[in-house]
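Engineer: sequence and predicted structure below; questions after.
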Amino acid sequence: MITRRTMLLMACASCALGCEPADPRRGVAEDFIDRLFVVIDQHSARELATGLAVKKLDEEIRLRGDVQIDTATRQPHVTYSFIESRGDASQPASSVVYELHVSLDGADEFTRRLVLTLRQIESEWRVGNYTLEAAVLD
């Protein structure tokens with residue numbers, strides 16, 4: 001039997017294969033967002049992290065403890081949109097900004113701004129830190 005989590009992972013993988021951004025920083029950032037906020041899998045997101053991001057994820061994992069997220073768990077629906085890149089891809093560090101749109105059945109929807117700091121380590125980009133901020137209203 002295919003679980004909801006497996007279906008979400010397959011859908012994310014299909015999207016990633018078909019529409020991966022040309023900028024490798026965005027590819028890593030969007031894979032990280034999918035793993036952490038869409039699928040809610042801190043262990044998987046940790047594979048793309050380094051430094052402070054790893055410490056934050058380890059703390060989330062510790063706080064979650066033995067709680068399992070499965071099809072019976074009420075989960076939010078998260079979509080996101082790219083806002084901007086900050087810094088030059090030729091430099092060893094830069095950041096990207098996204099808006100996360102979160103909705104949960106029976107609750108108000110909300111938007112948060114997500115800033116990801118990226119570090120290049122041995123020719124691979126990794127998420128060095130991530131910060132959720134209140135969305136900027138126009």
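Structural biologist: Everything's here; your move. Numbers count the residues shown, from 1 in each chain.

Engineer: tally of neighbours for the closest residue to Glu84 other than its chain neighbours?
Structural biologist: Once its chain neighbours are removed from consideration, Glu84 has its nearest residue in Val97; the separation is 5.0 Å (Cβ to Cβ, 6 or more residues apart in numbering). Where you see a C-beta, it was placed from the backbone N, CA and C, and this is true even at glycine. Other residues near Val97 number 16, with proximity taken as other Cβ atoms under 10 Å.

Engineer: give me the helices and strands touching whichever helix or strand Val97 is part of, please.
Structural biologist: Mapping Val97 onto the secondary structure by DSSP states H and E places it in strand 93-103. On a contact count with 3 or more Cβ pairs under 8 Å, 6 or more residues apart in numbering; DSSP states H and E, strand 93-103 meets helix 24-33, strand 77-86, strand 110-121.

Engineer: could you redo the last one with a cut-off of 6 Å?
Structural biologist: On a contact count with 3 or more Cβ pairs under 6 Å, 6 or more residues apart in numbering; DSSP states H and E, strand 93-103 meets strand 77-86, strand 110-121.

Engineer: could you check the angle the first one makes with helix 24-33?
Structural biologist: Spelled out, it's strand 77-86. Interaxial angle, strand 77-86 versus helix 24-33 (axes from the mean of the first three to the mean of the last three Cα atoms, to 10 degrees): 160 degrees.

Engineer: give me the angle between strand 77-86 and strand 110-121.
Structural biologist: Per the same axes, to 10 degrees, the angle that strand 77-86 makes with strand 110-121 is 50 degrees.

Engineer: report the beta-bridge partners for the residue nearest to Glu84.
Structural biologist: For Val97, the beta-bridge assignment (DSSP bridges) gives partners Glu84, Val115.

Engineer: name the helix or strand for the residue nearest to Gln75 when sequence neighbours are not counted, please.
Structural biologist: Ranked by Cβ to Cβ, 6+ apart and with sequence neighbours excluded, the top spatial neighbour of Gln75 is Ile40, at 6.5 Å. For Ile40, there is no enclosing helix or strand under DSSP H and E.

Engineer: alright, calling it a day.
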